[in-house]
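> please work out how this folds:
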Amino acid sequence: MPNRPFPLEPVPLHVPDEVLDDLRRRLAATRWPLDAGNDDGRYGVRRAYLEELVAYWADGFDWRAAERAINAYEHYRVDVGGVPVHFMRRPGAGPDPVPLILSHGWPWTFWHWSKVVDPLADPAAHGGDPAEAFDVIVPSLPGFGFSTPLAHHPDMNFWKIADVWHELMTGVLGHDRYAAAGCDVGALVTGQLGHKYAGELYAIHIGSAQKLTFFNGDRAWDFSGGAPIPPGLPAEVHDRYVELDRRFAVHLAAHMLAPSTLGFGLADSPAGMLAWILERWAKWSDNGGDVERVFSKDDLLTHATIFWAGGGIGTSIRTYANNNRYPWAPSHDRNPAVEAPTGITFVDYENPPGVTTGEQRIRGFLDGDRAAWYNHVSITAHDRGGHFIPWEIPGEWVADLRHTVYRASGVVTSRR
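Now for the predicted structure:
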């Protein structure tokens, strides 16, 4: 895989002043509802904290500073089969970097990968081997971030995004072979790449490793699958069921059953949009009850401004509905369905009920019905880190991914 000239010209990101001015006016004009009796957050995001964030977003947060940090990397915008795609790139610093595409989820932005981009691209600068460098491509999912407006593809979902990504990496960027990694919905995008395009992938690395049929079915919006909590469980196991339901149920149901209804409100009110996505960032990260242990105010508002400035909140929250409306179907009947060598990272914060150790998590996966889906070559479980793995435990994620692609897969050395 020789180093070759990159076929596109970078264009720095720039959010116009009028967009930022309009944002500040809307924040200042927020009409606040009563939030009595919600000091414990039982009813959702607490008004007091949201007001604090909104005040800082309107008068304190420096988007231009965030924009300069983002523009330390190369940015491109291309049309891939009528789908607008923005992506960030960090060229690999090594003798023969493997092209790598990273896919985020919801409510992620491309910037959630920012902590792992440099060590993946330039391992020598971070104590690693330059022979294990990646040429890193980080797109905004179609309809997310700056891959907007998504006017002509209202049906975009994870397996259709995989087709767009494959065309981006091969047809647009000219790679014969590449690696892929992802979390959340991005893990399904990556899994689909490993299913449909395995022959053109070195390996994939994902968080969680759900089945590609995860969103199929009439009641896919129900995290429990319609099943009641089993009776007679130990109290801590029962409580874990309830905790996970409260963490994910409203999100799945709202996004799958009425995304446009929700989108009208979120696209018009930055405070409302921030409240909806803040609850996910707060509840899904391993933060001990304080979201700012994982995301500083500037971090939260950088991601929120990307959602707002790109105008993609409405199209982004349709992804789940489209995953369900246009259900996944196999491209072949071979087993495992995901043939590409696959690495998997689990984190303690997302352990299922009854699982308390990494060993139990891995054993549960291997004994369950998901393991047979993947040609898994590496599985790790970490005792810290939440849903946003590459942001929360970037060192572990980089090590896991690098191990999968460069060592466990057995593909890179033999095929390059």
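> can you give me the end-to-end distance of stretch 287-303?
17 Å (C-alpha to C-alpha, to the nearest Å).
> what does that stretch rub up against?
Applying C-beta atoms under 8 Å, 6 or more residues apart in numbering, the set of residues contacting stretch 287-303 from outside is 53, 56-57, 61-63, 65-66, 70, 107-109, 111-112, 274, 277-278, 281-282, 285-286, 386, 388, 391-392. Glycine gets a C-beta too; all of them are placed from N, C-alpha and C.
> among the residues you listed, name the buried ones.
53, 57, 61, 63, 66, 70, 107-109, 111-112, 274, 277-278, 281-282, 285-286, 386, 388, 391-392 (16 or more other C-beta atoms under 10 Å).
> where strands are concerned, which of the residues you listed count?
Assigned to strands by DSSP state E, none of the buried ones among the contacts of stretch 287-303 qualify.
> who's in contact with the strand or helix carrying Asn375?
Using DSSP states H and E, Asn375 maps to strand 374-382. With C-beta under 8 Å, 6+ apart as the test, strand 374-382 has contacts from 191, 194, 203, 205, 209, 336-348, 357-359, 361-362, 365-366, 393, 396, 400, 403-404, 408-410.
> return the subset of those lying in helices.
Using DSSP state H, the subset of the contacts of strand 374-382 located in helices is 191, 194, 358-359, 361-362, 365-366, 396, 400, 403.
> give the contact list for Gly364.
Residues near Gly364 by C-beta under 8 Å, 6+ apart: 352, 355.
> rank the helices and strands of this structure by mean pLDDT and give me the bottom one.
Here the helix or strand of the chain ranked lowest by mean pLDDT, DSSP states H and E is helix 412-415, holding a mean of 62.
> quick one: low-confidence parts of the protein?
For the chain, the stretches with pLDDT under 70 are 1-3, 413-416.
> now do the strands in it.
Secondary structure of the chain (DSSP E): strands at 74-80, 83-90, 98-103, 134-139, 178-182, 201-207, 338-347, 374-382.
> let me have these in TSV, extended by mean neighbour count.
Listed next are the strands of the chain as TSV, based on neighbours: other C-beta atoms under 10 Å:
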stretch	mean neighbour count
strand 74-80	16
strand 83-90	22
strand 98-103	27
strand 134-139	27
strand 178-182	30
strand 201-207	29
strand 338-347	25
strand 374-382	20
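> could you dump those to a markdown table with distance to Val294?
Output for these, formatted as a markdown table (distance: least, C-beta to C-beta, whole Å):
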| stretch | distance to Val294 |
| --- | --- |
| strand 74-80 | 25 |
| strand 83-90 | 21 |
| strand 98-103 | 19 |
| strand 134-139 | 20 |
| strand 178-182 | 20 |
| strand 201-207 | 16 |
| strand 338-347 | 12 |
| strand 374-382 | 15 |
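> right, so of those, which gets closest to Ser269?
The closest of the strands of the chain to Ser269 is strand 83-90. By C-beta to C-beta, the value is 24.2 Å.
> who touches that closest one?
For strand 83-90, the external contacting residues (C-beta under 8 Å, 6+ apart) are 6, 10, 13, 70, 73-79, 110, 113, 117-118, 120-122, 135-140, 142, 145-150, 153, 156, 164, 168.
> dump it to CSV, keeping only the CA atoms.
Provided in CSV are the C-alpha atoms of strand 83-90 (Å, rounded to 0.1, in the frame of the first residue of the first chain):
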residue,chain,number,x,y,z
VAL,A,83,-25.1,12.0,-0.4
PRO,A,84,-23.2,14.9,1.1
VAL,A,85,-20.2,13.7,3.2
HIS,A,86,-17.9,15.7,5.4
PHE,A,87,-14.9,14.0,6.7
MET,A,88,-11.9,14.8,8.8
ARG,A,89,-8.5,13.3,8.0
ARG,A,90,-5.2,12.8,9.8
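> the inter-axis angle of that strand versus strand 74-80?
150 degrees (axes from the mean of the first three to the mean of the last three C-alpha atoms, to 10 degrees).
> now strand 83-90, how far from the chain's geometric center?
Relative to its parent chain, strand 83-90 has a centroid offset of 15 Å by C-alpha atoms, centre = their mean, to the nearest Å.
> please apply the same query to stretch 348-363.
How far stretch 348-363 lies from its chain's middle: 21 Å, per C-alpha atoms, centre = their mean.
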